[in-house]
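In: just coords:
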């Protein structure tokens, strides 16, 4: 099975890497250290280790409070909500302000069908000469 991307949150004591780059809760770099040293720091200050970047050498972890983790999760959820869904389709319709009544009725029926199918609809009205 492909490895799934873990949700943002405390990694607890399950750290697969021996050497880590650690950042404190204020955003200052503490440098590279052994995982045992990072766990000791975590226990001393009552903080939690959070994985920030896994694809660099050494992986970057940050010491955070529970409140900081919660705020970051909320930010990421908002960002995910704001981004368009991959299956979402946007339909665009453009017509003149001098459109005939019958043409306007047909286009409004088309827009209604698109909305029923849960498409996003963008309508542009050009000014007639």
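Out: Sure, I can see it. This is a predicted model, so every value here is computed, not measured.
In: Any idea how far the host helix or strand of residue 114 is from the middle of the chain?
Out: Here residue 114, judged by DSSP states H and E, is contained in helix 101-116. Centroid separation for helix 101-116 versus its chain: 35 Å, with C-alpha atoms, centre = their mean, to the nearest Å.
In: neighbouring contacts of it?
Out: 91, 93, 95, 99, 121, 123 (C-beta atoms under 8 Å, 6 or more residues apart in numbering). (C-beta placed from N, C-alpha, C; glycine too.)
In: so what does the helix or strand that the fifth one is a member of touch, helix or strand wise?
Out: Residue 121 is located in strand 120-126, with elements delineated by DSSP H and E. Contact analysis of strand 120-126 by 3 or more C-beta pairs under 8 Å, 6 or more residues apart in numbering; DSSP states H and E lists strand 90-96, helix 101-116 as its packing neighbours.
In: Would you map the strands across this protein?
Out: Remark: strands assigned in the chain by DSSP state E are 19-23, 29-34, 48-53, 60-64, 90-96, 120-126.
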